[in-house]
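Q: For reference, the sequence and a predicted model appear below.
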Amino acid sequence: MSVTNTSGRRKTAVARIYLKDGAGAITVNGKDHKVYFPTLPLQYIVNQSLEVSELVGRYDITVNVQGGGIKGQAEAVRLAIAKAIVELDAEKKPALRAKGLMTRDMRMVERKKPGRAKARKKFQFSKR
């Protein structure tokens, strides 16, 4: 039994996954993914790569995810799963790419500038 190891990133979240044949259990940081990602939209994001490639229930996935917020973590897991699926079966790549699941979303928070309150916020203008 071979284990496929890939990683995915989104904002400051990094997900490392280990994908192997199994019954479809997804474990995130030692917890079931439905406990770690409690809302349905987040669970949908995590399962999206499997649903598009029609592989739900065929693999056991162990995930280590750290950094960022819960949404960024879910999207990092989604990318990592998509990359692992393509590593196993390259014919699934066009379907995943069409849904935008193979692209690393590189948008990050803009840094705070010195002498400013936030990244773009300026001080209040005073005419006098």
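A: All right, it came through fine. Residues are numbered from 1 along each chain as shown.
Q: CA only for contacts and neighbour counts going forward, please
A: Noted.
Q: And for the closest residue to V56 other than its chain neighbours, the neighbour number?
A: Distance criterion CA to CA, 6 or more residues apart in numbering; nearest residue to V56, sequence neighbours excluded, is L50 at 5.3 Å. L50: 20 surrounding residues under other CA atoms under 10 Å.
Q: so where does L50 fall, helix or strand?
A: Per DSSP states H and E: L50 is located in helix 40-52.
Q: ok, now A95?
A: Per DSSP H and E: helix 93-98 holds A95.
Q: what separates that helix from the chain centre, distance-wise?
A: 16 Å (CA atoms, centre = their mean, to the nearest Å).
Q: Residues in contact with it: which ones?
A: S49, V52, S53, A82, V86, M102, T103 (CA atoms under 8 Å, 6 or more residues apart in numbering).
Q: quick one: R9 is in a strand?
A: Yes - assigned with DSSP: H, G, I helix; E, B strand; the rest coil, R9 falls within a strand.
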